[in-house]
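>>> model this:
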Amino acid sequence: MSIDNEALMWLAWLVSRRFGVRNHMLEEEPQMQKRLWVHPLLLLRGAYGHFSKLYNELRRYPVKFVAFCRLSILGFDKLLHVLRPYLLRQDTCMRLSISPEERLLVTSRFLATGHSYSSLHFEFLLGTSTISGIVRSTCDVIWDTLKSRLMPQPNTQDWLRIAQGFMEATEFPNCIGALDGKHIHVKKPPNSGSRYFNLKKYFFRCAPGCS
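Just a heads-up that it's a prediction; the model follows:
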């Protein structure tokens with residue numbers, strides 16, 4: 001029994017509708033678009049990216065610099081001096097490397113704002129995967145380079161010194177640390193007067209762990 005082409009097409013359509021199988025007889029396989037080596041938008045980084053446009057200007061206004069990346073200019077420069085050898089990348093015949101200054105600025109902006117990689121992609125005109133790699137590698141370098149200096153492993157002498165400091169400041173013995181807390185906005189509880197009203201001018205309840 002022979003089946004003509006029209007019947008085969010209907011059979012393929014029925015199978016695709018019933019089992020979710022793609023009907024190759026009714027539609028052609030779309031051709032994959034050729035990917036660009038560099039997107040045209042990213043080629044504008046040198047003229048319109050945040051680093052090219054803002055970095056040098058921000059350094060003229062210390063308050064704005066702190067607002068942008070949550071680091072003072074002096075703190076940024078000190079951190080950059082320590083990290084520069086680990087953030088340097090070699091230029092190639094294909095493209096120039098991203099400077100340590102830009103790598104640190106991208107990372108500090110990410111940590112300061114919590115913006116997504118996609119958002120930073122449009123701010124700095126760097127690829128999303130590039131920004132992801134920059135943030136991860138820079139954070140790893142910061143941790144590996146500074147952990148022994150800023151978060152050293154405490155020893156017995158450190159604990160005794162901290163306890164002595166608490167004793168002198170609060171007359172509370174054998175204390176080696178204190179938990180901070182957070183005030184959470186709440187509606188004023190009935191008949192509470194000013195009991196839950198804080199110095200920031202709103203009613204609050206203390207979060208778990210609040211001291």
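
>>> Return the set of buried residues in stretch 121-131.
Buried residues in stretch 121-131, counted by 16 or more other CB atoms under 10 Å: 121, 123, 124, 125, 126, 130, 131. C-betas here are computed from N, CA, C, even on glycine.

>>> So which of those sit within strands?
Of the positions in the buried residues of stretch 121-131, not one sits in strands, assigned by DSSP state E.

>>> export those residues to TSV and tack on pLDDT and distance to residue 101?
What follows is those, written out as TSV (pLDDT from 0 to 100; distance: CB to CB, whole Å):
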residue	pLDDT	distance to residue 101
121	86	19
123	85	15
124	88	12
125	87	16
126	87	14
130	90	16
131	91	15
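
>>> Give me the pLDDT value at residue 145.
pLDDT for residue 145: 93.

>>> ugh, typo on my part, it should be residue 28
pLDDT, read off for residue 28, is 49.

>>> Residue ranges in this protein under the pLDDT threshold?
1-41, 43-44, 46, 180-181, 183, 204-211 (pLDDT under 70).

>>> what's the longest helix in this protein?
helix 128-150 (DSSP state H).

>>> packing partners for that helix?
If you count contacts as 3 or more CB pairs under 8 Å, 6 or more residues apart in numbering; DSSP states H and E, helix 128-150 packs onto helix 73-87, helix 100-113, helix 117-124.
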